[in-house]
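S.K.: Dropping a prediction and its sequence here:
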Amino acid sequence: MFAFSRPTARRRALAAAGTAAALALTLAACGSSGDSSMPGMDHGTKAPTSASAQATPSMGDMPGMDHMADGNGLADAKDGYRLTSPDTSLPAGKPSGYRFTIAGPDGKPVTGFALDQTKQMHFYAVRSDLTGFQHIHPAMAADGTWTADLAELQPGSWRMFASFTPDGGSGKGEDFVLSRTVTVPGTAASTPLPAAAESTDVDGYTVTVQGKPMAGMAQPLTVTVTKDGKPVTDLQPYLDTYAHLTAFHEGNAAFAHLHPTTKVNGDHGGPELSFHAELPTAGNWRLFLQFQTGGKLHTAALTLNVG
Ligand SMILES: [Cu+2]
């Protein structure tokens, strides 16, 4: 499950002692390099650059922190596994299907995947300005071809992330996050990243995030859900948790994935959910927090500044 046990242990040593023992983050496994020289990294032109320029020092640059750079999902291959797709472009303004396979070390499509949070494949799409987030559970054909049914996309450069765990072969049990970019033709209007904020509203709910995350360190993060000023206590399990939290870094869309440490107990989640946040680099991260009530999924988004 925790492919990053070694570097996590290293980071844990850096973290405040009190938070270390309860570390429960899945920082999804991922690409072989965080460098912008990787294939498919064509998003940089439209992405805002201010935060990444400010994001110093990058933990990925520090001696002995080499695996930190692996934790960002920006590469299309890692440890012999490769995300391949015939789709380098998708149409704007209408639903489309993104087809992909995971090629194993033998070059053949992988068809055996372990369940993680009730699914064999978690798929995320986000535009380079971190708008348009989609979280999808694609279906796999017998030959190992997956199709992610995407809602309409706005023009621009998009990054498609596949998060999975092989259940056989050399990568058995290892968590991977691999990604590729897709161009959606048309006039791309880049949306500035909203300023960092403690709370945001979605579907009548107010989601507040408290905590002071530091790059590369496990830090507690508390999410509180209220409605009309009252605590919400009827969160339903979604993918075996009360909240699914995905984060992307401003500037390069590096990926991180966090889970609450709060135990699931029927449809009684909330109002407070505890996370262990471990975001590998400083700067602004766009958080997408998904939770469910009354059978309906809600997606809250806010910007979190990581010092
Ligand atoms: Cu998922």
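M.R.: Sure thing, it's come through. Numbers count the residues shown, from 1 in each chain.
S.K.: For the stretch 1-150 of the chain, which segments count as strands?
M.R.: Secondary structure of the stretch 1-150 of the chain (DSSP state E, counting those that start in this stretch): strands located at 77-78, 81-84, 96-103, 121-127, 134-136, 139-140, 146-150.
S.K.: Deepest in the core, which of these is it.
M.R.: strand 121-127 (a mean of 23; mean count of other Cβ atoms under 10 Å). (Each C-beta comes from the backbone N, C-alpha and C, glycine too.)
S.K.: for that one, packing partners?
M.R.: Applying 3 or more Cβ pairs under 8 Å, 6 or more residues apart in numbering; DSSP states H and E, we find strand 121-127 packed against strand 134-136, strand 146-150, strand 156-164.
S.K.: Which of the ones you listed sits closest to residue 274?
M.R.: For the helices and strands packed on strand 121-127, the distance to residue 274 is smallest for strand 134-136, at 21.4 Å, taking Cβ to Cβ.
S.K.: shaky segments in the stretch 1-150 of the chain?
M.R.: Applying pLDDT under 70 to the stretch 1-150 of the chain flags the ranges 1-71.
S.K.: Next: the stretch 201-307 of the chain.
M.R.: Along the stretch 201-307 of the chain, the model assigns pLDDT under 70 to no residue.
S.K.: Recalculate using a threshold of 90.
M.R.: Applying pLDDT under 90 to the stretch 201-307 of the chain flags the ranges 212, 216-220, 257-263, 265, 276-278, 280.
S.K.: so which of the helices and strands packed on strand 121-127 gets nearest residue 180?
M.R.: strand 156-164 (5.5 Å).
S.K.: Just after the closest one, pick out the following helix or strand.
M.R.: strand 176-184 (DSSP states H and E).
S.K.: Can you name every helix or strand that that following strand contacts?
M.R.: For strand 176-184, the packing partners by 3+ Cβ pairs under 8 Å, 6+ apart come out as strand 77-78, strand 81-84, strand 96-103, strand 156-164, strand 255-258.
S.K.: Which neighbouring elements make contact with the first one?
M.R.: This points to strand 77-78. Using 3+ Cβ pairs under 8 Å, 6+ apart, the elements in contact with strand 77-78 are strand 176-184.
S.K.: Check the last one too.
M.R.: Under the contact criterion of 3+ Cβ pairs under 8 Å, 6+ apart, strand 255-258 touches strand 176-184, strand 244-249, strand 272-277.
S.K.: Show me how far the first one is from its chain's centre.
M.R.: I take that to be strand 176-184. How far strand 176-184 lies from its chain's middle: 12 Å, per Cα atoms, centre = their mean, to the nearest Å.
S.K.: tell me the angle of that strand relative to strand 121-127?
M.R.: In terms of direction (axes from the mean of the first three to the mean of the last three Cα atoms, to 10 degrees), strand 176-184 departs from strand 121-127 by 40 degrees.
S.K.: Strand 176-184 vs strand 96-103, what angle?
M.R.: Angle, strand 176-184 to strand 96-103, by the same axes, to 10 degrees: 140 degrees.
S.K.: Next, the buried residues of the next helix-or-strand element following strand 176-184.
M.R.: Using DSSP H and E, the helix or strand that follows strand 176-184 in sequence is strand 199-202. Within strand 199-202, the residues that count as buried by 16 or more other Cβ atoms under 10 Å are 200, 202.
S.K.: How about stretch 225-233?
M.R.: Buried-residue list, stretch 225-233, by 16+ other Cβ under 10 Å: 225-227, 232.
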